[in-house]
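Asker: The following comprises the amino acid sequence and a computationally predicted model.
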Amino acid sequence: AGAAAEQGMDLDAVVAIAQVAADSMGSLGVALDAVTIPGATATNDRLDASTIEIGLGIHGEAGIRQSPLLSCNELAKEMITTINEYGLTDKSSGDEKIVPTVKSGDEIAIVVNNLGGTSNFEMSILTNSCVSLLESMGCMVSRVFVGSFMTSFDMMGASLTILSLAGTKSNELKSLLDAPTTAISWPCIDVWKDVSTSRPSAKEFPEVEAPTGSAAASYEGVKVTIESFADAAKASLRAAASTLDKAEPELTKYDLIVGDGDCGLTMQRGANEIIARIASGELDVSHPVPLFSTLADAVSASMGGTSGVLLELMFRKMSVYLLNSTIVDTVTMASAFEEGVKAISFYGGATVGSRTMLDALYPAADALLTSGSIADAAAAAQKGADDTGKMDSASAGRSNYLSAEALQGTPDPGAVAVALVLKSLASS
C-alpha cells in the first residue's frame with residue numbers, strides 16, 4: 001500500500017492492491033513464551049520451558065495449539081503446513097472455495113518476522129529451514145524478507161508470512177515489493193530472479209577431507225618407547241576430560257568476571273567430544289602422531305572460540321613435531337609439549353604475563369623439560385594460574401580491557417583449566 005501511494009495511485013487503487021496482497025497471503029506465529037506487558041502485575045506463564053505455542057497472537061492471545069519444543073526444520077514444516085492447510089479463498093470461478101496457499105510451481109515471497117526476543121542467528125536458521133522446505137515443495141521463493149517488522153516487546157518467537165505471486169496481479173505486486181523506500185524497518189533485498197536453477201545459498205560446500213593413505217604423512221618410522229602408550233593415553237584423556245566436565249561451573253564463574261562467560265562450556269564441549277571420540281574409535285590412540293592430530297580434529301569440531309582455535313594449533317604442532325622425530329619417549333613428548341605451547345604464543349600473540357592460559361602452560365613446559373615429572377608440571381601450572389589472580393592488567397584475551405579492580409582476585413579461567421588438566425594427568 002505504501003509503495004502504491006508513493007507512485008501516486010488514488011485511495012481506491014491503493015485499497016484494491018492492498019486487498020489483493022491480503023487475499024494472497026497466509027501468516028502464522030509461534031513462540032516459546034507470551035509477551036511480558038509493561039506495568040502488568042502478573043506475567044503470562046502458560047508456557048513452560050519445554051513447550052511452544054503455535055498461532056498465538058502478538059498480544060499474548062492463545063494460539064491454535066501447544067507443542068513440545070521443535071527443531072527449526074520441524075518448526076518450518078509445522079508453520080508451512082498449517083498456513084497451506086488453512087488456505088486462501090479462491091473467487092476466480094464465481095464461487096468461493098478454499099485452496100492451498102501455495103502449490104508446486106508458484107512463485108512466492110516470504111516474510112520471516114522476529115516477534116521481539118529472537119536472536120538474528122536463530123532467525124537466520126529458521127529462514128533457511130523455511131526457504132529450503134518451500135523450494136523442496138517446488139515453490140520458487142524469489143523474495144525473502146527477514147527482520148523485526150511486527151514485534152511484541154520480548155516475545156521469544158517468530159512469524160512466517162507466505163505471499164503467493166502466482167495470480168493475475170503478480171507483476172504489480174512484485175513491482176511494489178521491490179520499490180525503493182527509506183523506511184528504516186523495511187530491508188533492501190536481493191531478488192532471486194533465476195528461479196530455474198538452485199539458489200546459491202542453498203548449495204552445500206563439502207568439507208575438505210584430511211589426506212589419507214599414500215597422501216598422508218607416514219609415521220611408521222617413528223618408534224614409541226613409552227610402555228603401553230595406547231592404554232595410558234586413553235586413561236589420561238578420560239581423566240582430563242572428566243575433570244574439565246566437572247569444572248564447568250568453576251570456570252564459568254571465573255570467566256563471567258574476567259571474560260565473556262563461555263570458557264567453562266567451551267572446555268566442557270571439548271571434553272565431551274573427546275570422550276565420545278574415544279568410545280567411537282575416531283580418536284586414534286595407537287601412536288602419538290595420530291593421537292594429537294585427531295585430538296586437534298576433536299577440538300576443532302567442538303570447542304570454537306579463541307581457546308578452541310589455539311588448542312587445535314597446539315595439538316597439530318605437537319603431532320608434526322613428533323612426526324619429524326625418530327623416537328618418541330617422555331623427553332620427546334615434553335619437547336613436543338613445549339613446541340605446542342610456543343605455537344599458541346606465536347599465533348595468539350600472548351606470552352607469560354599476558355594473563356592467559358600461557359601463564360600456566362609455559363611454567364608447566366619448563367618443569368616438564370627440567371624434571372620429566374607431570375606432577376611438577378601440574379604444580380608449576382597451578383602456581384602460574386594462581387598468579388594470574390594477582391595481575392592487575394592483561395595484554396591479551398577478553399580481560400585486556402578490564403580495570404585492575406575487576407581483575408584482582410580472579411584467576412584466568414584458561415590458566416585454571418590447564419592446571420586442572422595437568423593435575424588430573426599426574427593422578428591418572
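Answerer: Now that the structure is in, tell me what you want to look at.
Asker: Extract the CA atoms of stretch 61-80 and return them as CSV.
Answerer: The C-alpha trace of stretch 61-80 is given here as CSV (Å, rounded to 0.1, in the frame of the first residue of the first chain):
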residue,chain,number,x,y,z
GLU,A,61,-3.7,-14.4,22.9
ALA,A,62,-3.9,-18.1,23.0
GLY,A,63,-2.9,-19.9,19.8
ILE,A,64,-4.5,-22.9,18.0
ARG,A,65,-2.4,-25.5,19.8
GLN,A,66,0.7,-26.1,22.0
SER,A,67,3.5,-28.4,21.2
PRO,A,68,6.8,-29.8,22.6
LEU,A,69,9.9,-28.0,21.5
LEU,A,70,10.7,-28.4,17.8
SER,A,71,13.8,-28.1,15.7
CYS,A,72,13.9,-25.3,13.1
ASN,A,73,13.2,-27.8,10.3
GLU,A,74,10.3,-29.2,12.3
LEU,A,75,9.0,-25.7,13.1
ALA,A,76,9.2,-24.7,9.5
LYS,A,77,7.2,-27.7,8.4
GLU,A,78,4.6,-27.1,11.1
MET,A,79,4.2,-23.4,10.1
ILE,A,80,4.2,-24.0,6.3
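Asker: Give the buried residues for it.
Answerer: By neighbour count on 16 or more other CB atoms under 10 Å, the buried set for stretch 61-80 is 63, 72, 75, 76, 78, 79, 80. Using the backbone N, CA and C atoms, a C-beta is placed for each residue, glycine as well.
Asker: pLDDT averaged over it - what is it?
Answerer: If you average the pLDDT over stretch 61-80, you get 90.
Asker: can you check stretch 232-241 too?
Answerer: 95.
Asker: Likewise for stretch 386-401?
Answerer: The pLDDT scores in stretch 386-401 average 70.
Asker: closest to residue 257 among the buried residues of stretch 61-80?
Answerer: residue 72 (33.7 Å; CB to CB).
Asker: about what we covered before: so of the buried residues of stretch 61-80, which ones are in helices?
Answerer: Mapping these onto helices (DSSP state H) picks out 72, 75, 76, 78, 79, 80.
Asker: And the buried residues of stretch 61-80, which is closest to residue 181?
Answerer: For the buried residues of stretch 61-80, the nearest to residue 181 is residue 79 (26.8 Å; CB to CB).
Asker: got the contact list for that closest one?
Answerer: Residue 79 makes contacts with 28, 30, 54, 130, 160, as judged by CB atoms under 8 Å, 6 or more residues apart in numbering.
Asker: Let's see the host helix or strand of the fourth one as CSV, backbone CA atoms only.
Answerer: Okay, so that is residue 130. Using DSSP states H and E, the element containing residue 130 is helix 120-136. The C-alpha trace of helix 120-136 is given here as CSV (Å, rounded to 0.1, in the frame of the first residue of the first chain):
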residue,chain,number,x,y,z
ASN,A,120,19.4,-12.8,14.5
PHE,A,121,21.3,-16.2,14.5
GLU,A,122,18.1,-18.1,15.3
MET,A,123,16.1,-16.1,12.7
SER,A,124,18.6,-17.0,10.0
ILE,A,125,18.4,-20.7,10.9
LEU,A,126,14.6,-20.6,10.8
THR,A,127,14.6,-18.7,7.5
ASN,A,128,17.0,-21.3,5.9
SER,A,129,14.6,-24.0,7.0
CYS,A,130,11.6,-22.3,5.6
VAL,A,131,13.2,-21.5,2.2
SER,A,132,14.6,-25.0,1.9
LEU,A,133,11.3,-26.7,2.6
LEU,A,134,9.3,-24.4,0.3
GLU,A,135,11.7,-24.9,-2.5
SER,A,136,11.7,-28.7,-1.9
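Asker: Now that helix: average pLDDT?
Answerer: 93.
Asker: Need the residues that contact the helix or strand following it.
Answerer: The C-terminal neighbour of helix 120-136 among helices and strands, as given by DSSP H and E, is strand 140-147. The contact list for strand 140-147 (CB under 8 Å, 6+ apart) reads 105-114, 123-124, 127, 131, 134-135, 165, 174, 177-178, 185-187, 189, 191-193, 195, 199.
Asker: Whichever helix or strand comes after strand 140-147 to strand 140-147, inter-axis angle?
Answerer: Scanning forward in sequence from strand 140-147 by DSSP H and E, the next helix or strand is strand 157-164. Counting by axes from the mean of the first three to the mean of the last three CA atoms, to 10 degrees, strand 157-164 lies at 150 degrees to strand 140-147.
Asker: Right, I'll leave it there.
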